[in-house]
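1. Give me coordinates for this.
(2 chains)
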2 protein chains.
Amino acid sequence: MNLLVHGGIVVSDKVIFDGAVAVEGNRIVAVGDSSELRKRFQGFERVNAKGCAVIPGLVNTHTHAAMTVFRGYAEDLPLFDWLNKRIWPAESALTPRDIEIGAQLAAYESLLFGVTTLNSMYFYSDEGSELHAFEKAGIRATVGHGFFEKTVEAGLKITEEMARKWHGRDDGRLRVSVCPHAPYSTGPSSYKMAYELQKKLNSLYGEKGKIILHTHVAESREEASVVKEAFKVDVSGGVVVYLSRLGVLSRDLVMAHTIHLTEEDVRVMKMFDVKPSLNPVSNLKLGMGVADFIKLIGSGLTVSLGTDGPASNNTLDMFETMKIVPLLAKGLHGDPTLLPSREAFKLATEYGARALGYDDLGAIRPGYLADIVLLDLNVPHARPLHDIFAHLIYSARASDVKTVIVNGKIVVEDRKVVGVNMESFLEEVERVKDSLVSRIKGA
Amino acid sequence: MNLLVHGGIVVSDKVIFDGAVAVEGNRIVAVGDSSELRKRFQGFERVNAKGCAVIPGLVNTHTHAAMTVFRGYAEDLPLFDWLNKRIWPAESALTPRDIEIGAQLAAYESLLFGVTTLNSMYFYSDEGSELHAFEKAGIRATVGHGFFEKTVEAGLKITEEMARKWHGRDDGRLRVSVCPHAPYSTGPSSYKMAYELQKKLNSLYGEKGKIILHTHVAESREEASVVKEAFKVDVSGGVVVYLSRLGVLSRDLVMAHTIHLTEEDVRVMKMFDVKPSLNPVSNLKLGMGVADFIKLIGSGLTVSLGTDGPASNNTLDMFETMKIVPLLAKGLHGDPTLLPSREAFKLATEYGARALGYDDLGAIRPGYLADIVLLDLNVPHARPLHDIFAHLIYSARASDVKTVIVNGKIVVEDRKVVGVNMESFLEEVERVKDSLVSRIKGA
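-> Residues are numbered from 1 along each chain as shown, chains lettered A, B, ... in the order given. Modelled structure (predicted):
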């Protein structure tokens, strides 16, 4: 199906006020004035964008999608109580089906909020997984099976299987990543094995898209000392420096959080073009602190944004994250000129796509993948409209999303996920929760 | 018209899972189980709250509502450039009608976002004002005419007129306040005159509701030194201490911002039970810093929340503000146990009402004013529902607001403002903007 989105404010490399976007298959083939494109693409199915901004779909570069099932389950707790007493025991009660339902819910929430790509780390099983869910839901995703020191062998094997079965599936919409959990939970030789697997998988399947490494780094203040203690390793210089000594850094590595870095860490990240994914909402909520966005961006890194899992956010709302980042940058540095809206918007779109190894995603541009969001501007909070980028960052709400196109297919129309009976799906979600909670209590 | 809201999750002093709220005239007369209240209040018009949370309307204790017309108009600028080069010249071009349209837009945005009470400071004129707008829109509001050192005489006179004409109007829904702008823009004798006027107006009209004083305090780091320089006054101890020496502090005083306070300032605020209104989104965006919520709350003050004007936020979304406050408290103190959701919710409801001098507003309680919001829970981001307060603070979005009742009247139904053609109103807003911008450019 070919589409012509027309009559909206198209936010491309420039802003086109009565603009249109032509989509052939899963790619954007033209961007321009509506009147011109309507003539050129007469046979294309029309998508009316009148009164809408037409923007690239948002890219969430760090989450644990299935953890929607724990949304609001463990609140206001210190990190280690949160993990040890609530989250980890609860996770051990999860079935593959719970994970699939949780991820499906995450995909629907994300799509309705204008997020067209997720980078998620969770537990994979052939019987049910985030990949099964994302395939069904029609969202673009990179998915890895998180593993720890104790589960590294199984983890690598599962990852290899996932890559074989899923990488590049659905017209390239699904990709697989390699996910050692974090330096404090996964030892040095495991990181090396993960890196070797990444190389191997890229040589086997890389022509279908990059296979990235995805891991957590420098989330807590104590991380370096915990790593040192746990694995008796040299963490001098910082946690990233330690990983660089293992030889696992590359431009195809997404590091989530990167809050507590040394100067040397930042220098090394830049040297290898590592991709930091910042998750300010979760970081604040868990009391982890605030990454120095300005330093990371200023050092030339490709900074992108994530929500983290819905158990610590508690949403997958990238509009919220995209606003809080410049707010924190300005507010904590005491400088309102920092991180202008146009730049902030890139963090959640184009730079997110780069972080996930796409060079043809995250912008409305001819040749790019057709992940497009129509945002309703006929709402009181969008008016008057003085500045479209200020609107996108500060006053647009996720709920303004009207229509969503992923990989050339319309997946949200008139604020509804196409082909889904949401009411009955949400009832199923509640049943999954009730059963899960009773199993956790019974354990 | 009497109403029975029934079948929802009623968030009263306890949470009632199949709960109901009976409203007679403008007051709540009963709160309880749906089955029981359906029997007791058979003649009442039914409002079906199935699948909804039933919560008190949110209270925004600091804004400049009419400034919606400048939403996105002046971005990423240092505070004094923002004010001197953009906002103040633009304000001088405003007509009373612009102000009224801007405030009407603010009221619609607020109502659709579940905000039922605004405390706003702007310029009043008999030909058009925020009060005219709020009367029309059906929102509860306290409104004052902001005045500066140069405009104090006119300001006091206008305030007196406003109080005579408007205070207590519309069944008590509208109130008037006295609004000296800020200690750096308004001198000591003006503050004293404002305080005397407040006393006088309370003795004349106080039986229709408290007349509060509403002012900005300690927004910028430099405020104390600017005050000292501008008015050659003794600011030793802090700006609040300086105001206390003028004898203008009382429990009926809302101080917006209160970011840069001394220990002595906080002590004095507590002594007089002054009401701080915190505006974290605007404060961050303008690079002003972050108020120490935890210290202010911990010292026993009645802390409430505001959005500030839409030119520096750029919304009137109190759900967003209500989330960012515990996020910042936890994140910046490094302690995720701070400000649990149930407490955070009070800042935006009951404590807001107290700040504005209401002792019968801001909660779902028999005898209280009937400002009630129905929040849709049948949305992916609300599910599963483990914890209703965590939901209200962290995952609820302003767009979940389905039905809004103010002073016993339904003003929003099925996500639409009752009786308003929004599309044509928003077109009018754009015309107002275009005309305003051309006048500013022509000046």
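
2. A:L246 against A:Y191, yeah?
-> Yes. Taking CB atoms under 8 Å as the definition, A:L246 is a contact partner of A:Y191 at 5.2 Å. Placement of C-beta: from N, CA and C, glycine included.

3. of those two, who's got more company?
-> Higher neighbour count among A:L246 and A:Y191: A:Y191, with 22 against 17, using other CB atoms under 10 Å in any protein chain shown.

4. give me every residue that touches the more buried one.
-> Contact analysis of A:Y191 by CB atoms under 8 Å, 6 or more residues apart in numbering or on different chains lists A:180, A:183, A:215, A:243, A:246, A:248.

5. Swap in 6 Å and give it another go.
-> Residues in contact with A:Y191 (CB atoms under 6 Å, 6 or more residues apart in numbering or on different chains) are A:180, A:246, A:248.

6. So which of those is the closest to chain B?
-> Taking CB to the nearest CB as the measure, chain B lies nearest A:P180 of the contacts of A:Y191, at 25.2 Å.

7. Quick check: beta-bridge partners of that closest one?
-> A:F147 (DSSP bridges).

8. can you pull the contacts of it?
-> A:186, A:190-191, A:194, A:215.

9. what does the host helix or strand of A:G144 rub up against?
-> Using DSSP states H and E, A:G144 sits in strand A:140-147. Here strand A:140-147 makes contact (CB under 6 Å, 6+ apart) with A:116-121, A:124, A:130-131, A:134, A:155, A:158-159, A:173-175, A:177-179, A:181, A:214, A:356, A:406.

10. Among these, which are located in helices?
-> The members of the contacts of strand A:140-147 that map onto helices under DSSP state H are A:130-131, A:134, A:155, A:158-159.

11. So, low pLDDT: which residues of the stretch 301-443 of chain A?
-> In the predicted model, the stretch 301-443 of chain A carries pLDDT under 70 at residues A:443.

12. Show me which residues of it are close to chain B?
-> Residues of the stretch 301-443 of chain A lying close to chain B (CB under 6 Å from any CB of the partner chain) are A:314-315, A:327, A:330-331, A:334-337, A:340, A:378, A:380-381, A:383-384, A:386-387, A:390-391, A:394-395, A:397, A:399, A:426, A:429-430, A:433.

13. If any of those residues are buried, put those into a PyMOL selection.
-> Buried members of these, defined by 16 or more other CB atoms under 10 Å in any protein chain shown, are picked up in PyMOL with:
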select buried, chain A and resi 314+315+327+330+331+336+380+381+383+384+386+387+390+391+394+395+397+399+426+429+433
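
14. As a check, name the ranges of all strands in the stretch 301-443 of chain A.
-> Per DSSP state E, counting those that start in this stretch, the stretch 301-443 of chain A carries strands over the ranges A:304-305, A:372-376, A:401-406, A:409-413, A:416-417.

15. got a list of contacts for the longest one?
-> When you say that, I think you mean strand A:401-406. Contacts for strand A:401-406 (CB under 6 Å, 6+ apart): A:111, A:114, A:116, A:138, A:140, A:370-376, A:411-413, A:415.

16. Show the buried residues in those residues.
-> Buried, going by 16+ other CB under 10 Å: A:111, A:114, A:116, A:138, A:140, A:370-376, A:411-412, out of the contacts of strand A:401-406.

17. Check those and tell me the two furthest apart.
-> Across the buried ones among the contacts of strand A:401-406, no pair lies farther apart than A:R140 and A:D376, at 22.4 Å, counting by CB to CB.

18. okay, which residue is most central for chain A?
-> When CA atoms, centre = their mean is applied to chain A, the residue found nearest the centroid is A:N60 (2.1 Å).

19. Can I take it that it is in a strand?
-> Yes. With DSSP: H, G, I helix; E, B strand; the rest coil as the criterion, A:N60 is located in a strand.

20. Got the confidence number for it?
-> Per-residue pLDDT puts A:N60 at 98.

21. ditto for A:Y205
-> 98.

22. near chain B, which residues of the stretch 51-200 of chain A?
-> Neighbours of chain B within the stretch 51-200 of chain A, by CB under 6 Å from any CB: A:72-73, A:75-76, A:78, A:105, A:108-109.

23. out of the buried ones among the contacts of strand A:401-406, which one sits closest to chain B?
-> A:L111 (9.1 Å).

24. Can you tell me the SS state at that closest one?
-> Three-state assignment for A:L111 (three-state DSSP): helix.

25. mind listing what it touches?
-> Contact partners of A:L111, counting by CB under 6 Å, 6+ apart, are A:139, A:404, A:411-412.

26. how does it look with 8 Å?
-> By CB under 8 Å, 6+ apart, the residues touching A:L111 are A:137-139, A:404, A:406, A:411-412, A:417.

27. now do A:E343
-> Neighbouring residues of A:E343 by CB under 8 Å, 6+ apart: A:I297.

28. change it to 10 Å
-> Counting by CB atoms under 10 Å, 6 or more residues apart in numbering or on different chains, A:E343 touches A:297, A:303, A:326, A:351, A:389, A:393, B:76.

29. Equivalent analysis for A:S120, please.
-> A:60-67, A:103, A:106-107, A:110, A:130-131, A:133-134, A:139, A:141-144, A:146, A:177, A:179, A:214, A:306, A:309.

30. try it again with 6 Å
-> Counting by CB under 6 Å, 6+ apart, A:S120 touches A:63, A:65, A:130, A:143.

31. now swap in A:F272 and tell me
-> Residues in contact with A:F272 (CB under 6 Å, 6+ apart) are A:249-250.

32. Thanks a lot, catch you later.
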